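S.K.: curious how this folds, go ahead:
(chains A and B)
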Amino acid sequence: MSLITDSAERTLRVDYLARVEGEGAMYIKLSGNEVQDVRLRIYEPPRFFEAFLRGRAFTEVPDIAARICGICPIAYQTSGARAIEDACGVAIDDGPIRDLRRLIYCGEWIESHALHVYALHAPDFLGYQSMIELAADHPQVAEQGLALKKTGNRLVALIGGREIHPINMRVGGFYRVPSRTELLALRDPLQQALEQSLATVRFVAQLPMPDVTRDFEFVCLRDGELYPIDRGRIVSDRGLDIEPAQFARNIVEEHVQHSNALHARIRERGAYLTGPLARYNLCYDQLRPLAREAAAEVGLDRSCRNPFQSIIVRAVELVDACDEALELIERYEPPDRPALEVQPRRGVGHGVSEAPRGMLYHRYELDDDGTILDARIVPPTSQNQLAIEEDLRAVVDRYHDLDDEELGLRCEQAIRNHDPCISCATHFLQLTVEREDPSPVAAELG
Amino acid sequence: MAVAVKKPTLAVFKFASCDGCQLTLLDCEDELLAIAGRIEIANFLEASSAVGPGPYDIALVEGSITTAHDAERIRKVRAQSKMLITIGACATAGGIQALRNFADVDEFTRVVYASPDYISTLRTSTAISDHVPVDFELRGCPIDKRVLIEVVSSLLAGRGPRVRSHSVCVECKRRGTVCVMVSRGTPCLGPVTHAGCGALCPAYDRGCYGCFGPQETPRPQSLSTWLGLQDRDLVRLYRTFNANAKAFKEVSQAHEPHHR
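M.R.: As a prediction, the model looks like this:
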């Protein structure tokens, strides 16, 4: 980190953010105790997914869209498949294929949340630079995190074929569905994962917690009776309640030069937050009883507006995902066919699901033969970018008495509150590198 | 000979990519802490904010080169690394983002960005080996965890990595999976695709889609005649995550209606 201090002006700069997925930088300028400028800069090169999806076959979406993100491929495959199904007049809203989709998605939540809680975020709270450092002092904590992550990955790999870029998800369902016996092999590991998740809630609840309250507009999916994962209406706590098809009419993206990014805002209102905090606040009533009890046991209020407490909410969602996965496995009967038949037709379709770090929107326009004419993908991190910058302002306002190093670390921790996935956001972000030269060779190599 | 006991250093560098291949290292849940005990992880930004200076004994490089800045950065990484290993299809073949190599990049930019003027990107996405010498290449989109562990362990043991270079077809036979092409007529790239995944797709009742790229001596033109697909679909089939790998690139161009 580069620290430049003078009596009136302070600049906090981190040129290469660590423990986030992808390449980003942070820049904060203060004058006295006043925040002058806050930027979460993203310089990861664009990869043009929306462009090269044009001209591809509608059946190729799950395989291609997965490659946007190695951390949450199931989210891309689910939102993508649902959008294509929607365009073709098919909806998988119940039954065993939907159950399997939720089950593999639970696996992704477990592995991604465990990774974030233990490897990316907890080290901040305890003053370590990595989980490996943390493991040297607290081996049982690191082992618990890795065990949880492994079970999530086993679930993804069992249904999907492998952990990263699973090969079994397709438009209409799956290529091959597991037998009951295959799934039952995961019952004991998931039972242990559930215990480990409960222990995780207790572990993160006693971490030293910075005290910042934010006036977020929360946005997430809301489904009939289930905690939001694979489908639902898009709702907020300020009156938004729309079908996925109305996403673009209500949420606009602006190409803002100073921040090097397209920012998503709710039309005429501004920044909003999607992700675990939003889901928890808007869908607390849909959490499974065990997850609500775990939250209550550690005194987590049902309304939670401290972004640093997102680590506790993630742990509560771990409990929820493990508990739901166990129920889905318990009642599983293989469907007659692994996939519904989906016939292409001309039209537009929308799909939204809840990636571990927030809402992920896909829209496709298809030709008669299923050739993709247009694609649009709005990942959670670009939706959260404005809210993250506003968080940084709030953190600096609250903690400007800290010295530059401490304040810089607190700001990095605040960015990681939202588990930003810069690789996801990138295909979408503008690239203008203003790279002030960081002196150490290692930093220069990125 | 007295040698100071010093753990070898490992660094992980990212270029244009999805982060999935470096995540594979963190997905080695059973081995990660053991590996960390044998190696000093000197630079791995996805996992640690501790950044140690080079030179590094082993550099794992993920991602392809798509900007002028990255073309420069990979040279610096090379200069700092004794052993440079590319991990995955992006670093080894240019990745899915190499689809731009077959298209008009200006148009691509206009499709995605409101203000295309701000975008600075190269017209191509290329493999690391197109820019600097590479000591070892790991195939796959994503790489396979077992292969990664084998390569890292072999380096620690001071021997060459044992990595198979035959086709997915051979892995399928070894696994005892019934051939999806023979039994059901499902198009499959297994006969021309590099091994490493364990023949996953046929085991899940679908054809291989070539995510490990071409094997050493592929004959894709010959395979094409057996797949029962139209030219347009053949172009799509070869042009995914390893579109810019030589054998797949050539065969896809041969199937284009207006062959360049």
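
S.K.: domain ranges for the chain, per the record?
M.R.: I went with chain A, as the question did not name one. A:2-46+A:408-445, A:49-383 (automatic domain parsing).

S.K.: wrong one, I was asking about chain B
M.R.: Split by automatic domain parsing, chain B gives B:9-157, B:168-254.

S.K.: which residues touch the residue lying closest to B:Val251 once chain neighbours are set aside?
M.R.: Nearest residue to B:Val251, sequence neighbours excluded (CB to CB, 6 or more residues apart in numbering or on different chains): B:Pro220, at 4.0 Å. Placement of C-beta: from N, CA and C, glycine included. The contact partners of B:Pro220, by CB atoms under 8 Å, 6 or more residues apart in numbering or on different chains, come to B:192, B:214, B:238, B:247-248, B:250-251.

S.K.: got the CA coordinates for the strand or helix carrying A:Arg393 in PDB?
M.R.: Per DSSP states H and E: A:Arg393 is located in helix A:380-399. C-alpha atoms of helix A:380-399 as PDB (Å, rounded to 0.1, in the frame of the first residue of the first chain):
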ATOM      1  CA  PRO A 380     -23.600  -8.700  -8.800                       C
ATOM      2  CA  THR A 381     -20.400  -6.800  -8.400                       C
ATOM      3  CA  SER A 382     -21.200  -4.100 -11.000                       C
ATOM      4  CA  GLN A 383     -24.600  -3.700  -9.200                       C
ATOM      5  CA  ASN A 384     -22.800  -3.300  -5.800                       C
ATOM      6  CA  GLN A 385     -20.000  -1.000  -7.000                       C
ATOM      7  CA  LEU A 386     -21.700   2.200  -6.000                       C
ATOM      8  CA  ALA A 387     -22.800   0.900  -2.700                       C
ATOM      9  CA  ILE A 388     -19.200  -0.200  -2.000                       C
ATOM     10  CA  GLU A 389     -17.900   3.300  -2.800                       C
ATOM     11  CA  GLU A 390     -20.600   4.700  -0.400                       C
ATOM     12  CA  ASP A 391     -19.500   2.200   2.200                       C
ATOM     13  CA  LEU A 392     -15.900   3.500   1.900                       C
ATOM     14  CA  ARG A 393     -17.100   7.000   2.500                       C
ATOM     15  CA  ALA A 394     -19.000   5.900   5.600                       C
ATOM     16  CA  VAL A 395     -16.000   3.900   6.900                       C
ATOM     17  CA  VAL A 396     -13.600   6.900   6.400                       C
ATOM     18  CA  ASP A 397     -16.100   9.300   8.100                       C
ATOM     19  CA  ARG A 398     -16.400   6.900  11.100                       C
ATOM     20  CA  TYR A 399     -12.700   6.000  11.400                       C
END
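
S.K.: and it, what does it pack onto?
M.R.: On a contact count with 3 or more CB pairs under 8 Å, 6 or more residues apart in numbering or on different chains; DSSP states H and E, helix A:380-399 meets strand A:24-31, strand A:34-42, strand A:261-266, strand A:358-366, helix A:404-416, helix A:422-426.

S.K.: hmm, try it at 6 Å
M.R.: Applying 3 or more CB pairs under 6 Å, 6 or more residues apart in numbering or on different chains; DSSP states H and E, we find helix A:380-399 packed against strand A:34-42, strand A:261-266, strand A:358-366, helix A:404-416, helix A:422-426.

S.K.: helices or strands next to the first one in the packing?
M.R.: Based on contacts counted as 3+ CB pairs under 6 Å, 6+ apart, the elements that strand A:34-42 packs against are strand A:24-31, helix A:380-399.

S.K.: so which residues make contact with the first one?
M.R.: If I follow you right, that is strand A:24-31. A:9-15, A:17, A:36-42, A:422 (CB atoms under 6 Å, 6 or more residues apart in numbering or on different chains).

S.K.: contacting residues around A:Leu17?
M.R.: A:Gly24.

S.K.: that one: which element?
M.R.: Using DSSP H and E, A:Leu17 maps to neither a helix nor a strand.

S.K.: again, but for A:Thr200
M.R.: Using DSSP H and E, A:Thr200 sits within helix A:187-205.

S.K.: can I get the very next helix or strand once past that helix in CSV, CA atoms only?
M.R.: Following helix A:187-205 in sequence order, the next helix or strand is strand A:219-222 (DSSP H and E). Taking Å, rounded to 0.1, in the frame of the first residue of the first chain, the C-alpha atoms of strand A:219-222 are listed here in CSV:
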residue,chain,number,x,y,z
VAL,A,219,-32.5,-5.7,-3.6
CYS,A,220,-32.8,-9.4,-4.0
LEU,A,221,-35.0,-12.1,-5.4
ARG,A,222,-38.1,-13.2,-3.5
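
S.K.: buried residues in strand A:219-222?
M.R.: A:219-222 (16 or more other CB atoms under 10 Å in any protein chain shown).

S.K.: nearest to chain B, of those residues?
M.R.: Closest approach to chain B among the buried residues of strand A:219-222 (CB to the nearest CB): A:Val219, at 22.1 Å.

S.K.: that closest one and A:Tyr272 touch, don't they?
M.R.: Yes: at 4.7 Å, A:Val219 counts as touching A:Tyr272 under the criterion of CB atoms under 6 Å.

S.K.: sorry, back to before: distance from the chain centre to the helix holding A:Arg393, please.
M.R.: Between the centre of helix A:380-399 and the centre of its chain there are 16 Å (CA atoms, centre = their mean, to the nearest Å).

S.K.: quick revisit: rebuild the helices and strands packed on helix A:380-399 as JSON lines, extending it with mean neighbour count and mean pLDDT.
M.R.: Below are the helices and strands packed on helix A:380-399 laid out as JSON lines (neighbours: other CB atoms under 10 Å in any protein chain shown; pLDDT from 0 to 100):
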{"stretch": "strand A:34-42", "mean neighbour count": "19", "mean pLDDT": "82"}
{"stretch": "strand A:261-266", "mean neighbour count": "22", "mean pLDDT": "74"}
{"stretch": "strand A:358-366", "mean neighbour count": "25", "mean pLDDT": "97"}
{"stretch": "helix A:404-416", "mean neighbour count": "19", "mean pLDDT": "90"}
{"stretch": "helix A:422-426", "mean neighbour count": "29", "mean pLDDT": "63"}
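
S.K.: need those in a markdown table with distance to A:Gln140, can you?
M.R.: Listed next are the helices and strands packed on helix A:380-399 as a markdown table, based on distance: least, CB to CB, whole Å:
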| stretch | distance to A:Gln140 |
| --- | --- |
| strand A:34-42 | 34 |
| strand A:261-266 | 40 |
| strand A:358-366 | 31 |
| helix A:404-416 | 23 |
| helix A:422-426 | 31 |
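
S.K.: wait, which of these is closest to B:Cys172?
M.R.: helix A:422-426 (31.6 Å; CB to CB).

S.K.: would you single out the least confident of the domains of chain B?
M.R.: With a mean of 90, domain B:9-157 has the lowest mean pLDDT of these.

S.K.: can that one be said to contact chain A?
M.R.: Yes: on the criterion CB under 6 Å from any CB of the partner chain, domain B:9-157 is in touch with chain A at B:16, B:18-20, B:23, B:27, B:29, B:33, B:36, B:43, B:45, B:47-51, B:53-54, B:66-67, B:69, B:76-77, B:96-97, B:99, B:108, B:111-112, B:114-115, B:118-121, B:142.

S.K.: ok, back up a step: flag every buried residue along the helix holding A:Arg393.
M.R.: Going by neighbour count (16+ other CB under 10 Å), the buried part of helix A:380-399 is A:380-392, A:394-396, A:399.

S.K.: any idea of the angle it forms with helix A:404-416?
M.R.: Here the directions of helix A:380-399 and helix A:404-416 differ by 150 degrees (axes from the mean of the first three to the mean of the last three CA atoms, to 10 degrees).

S.K.: contacts for helix A:380-399, please.
M.R.: Applying CB under 6 Å, 6+ apart, the contact partners of helix A:380-399 are A:35, A:38, A:40, A:212, A:214, A:261, A:263-264, A:271, A:273-274, A:307, A:355, A:357-360, A:407, A:410-411, A:414-415, A:418, A:420-421, A:424-425, A:428.
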